[in-house]
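A.B. asks: I'd like to go over a predicted model; first the sequence, then the structure.
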Amino acid sequence: DAFRCIPRAMGLKQEPPGRVERGPPAAPPPAHSIATLCSLAVPGMVINASQPLADLAVVSMLAHTGEHPTVTVAAYALVASTVAFSANIFNFLLSVTMSEVGRAVGGRRWSDLAKAIRVALGTAVVAAGLCVSLIVLSKPQLYTLFAASPGVRAEADGYMLLRVATVPLLFVGRVASSVLVGFQRIRLVA
């Protein structure tokens, strides 16, 4: 199993299944320096800030292109907000499965960790499929809801196809980045 080598490579000990040691309470975790805490926080900050910054760059470029930049920007805004809102609706499924990954790590149950990661990645793919289906099936209602003109609709169709195609990558990327940041935290604390 590919995931079983990760704890060994990091020098972590696996607790045998079903074995619970009773004894004195564990000592509190050691205090960490500001540099250690920043090294834990920076990857999450970068991940959270990258999408809004990318949208800002795209909107500024779109505002300076084409014959009707207002239509282009409106179409992009409609698609970007729809996909972001829909993706955030399904994010709770990823959070639930990622909590199982955290439990396995916290309990040092490395054999359960491999299963939890597979479940999280599978959930990301299924949630992405549901999200894409929701967006595609509700596209006419969204255009009506946003009172999109025929020009905006025509322009948005191309963006919609491209953005919807990236949703599975977005969801799998969220799970993968959470797992990798979690492993970084383990290595720093262990």
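C.D. replies: Now that the structure is in, tell me what you want to look at.
A.B. asks: all helices of this structure, in order?
C.D. replies: For the chain, the helices defined by DSSP state H occupy 5-9, 34-62, 69-106, 110-137, 139-145, 150-165, 167-189.
A.B. asks: please convert those to CSV, extending it with mean pLDDT and mean neighbour count.
C.D. replies: Where C-beta positions appear, they are placed from N, C-alpha and C, glycine not excepted. Converted to CSV, the helices of the chain look like this (pLDDT from 0 to 100; neighbours: other Cβ atoms under 10 Å):
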stretch, mean pLDDT, mean neighbour count
helix 5-9, 53, 14
helix 34-62, 74, 12
helix 69-106, 84, 17
helix 110-137, 90, 18
helix 139-145, 90, 13
helix 150-165, 89, 16
helix 167-189, 76, 16
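A.B. asks: phi first, then psi, for His68.
C.D. replies: Here is the backbone geometry of His68 (degrees, to the nearest 10): phi -130, psi 80.
A.B. asks: find the residue closest to it in space, skipping its chain neighbours.
C.D. replies: Gly151 (6.8 Å; Cβ to Cβ, 6 or more residues apart in numbering).
A.B. asks: the one you found contacts Thr72, correct?
C.D. replies: No. In this structure Gly151 lies outside contact range of Thr72 using Cβ atoms under 8 Å: 9.4 Å.
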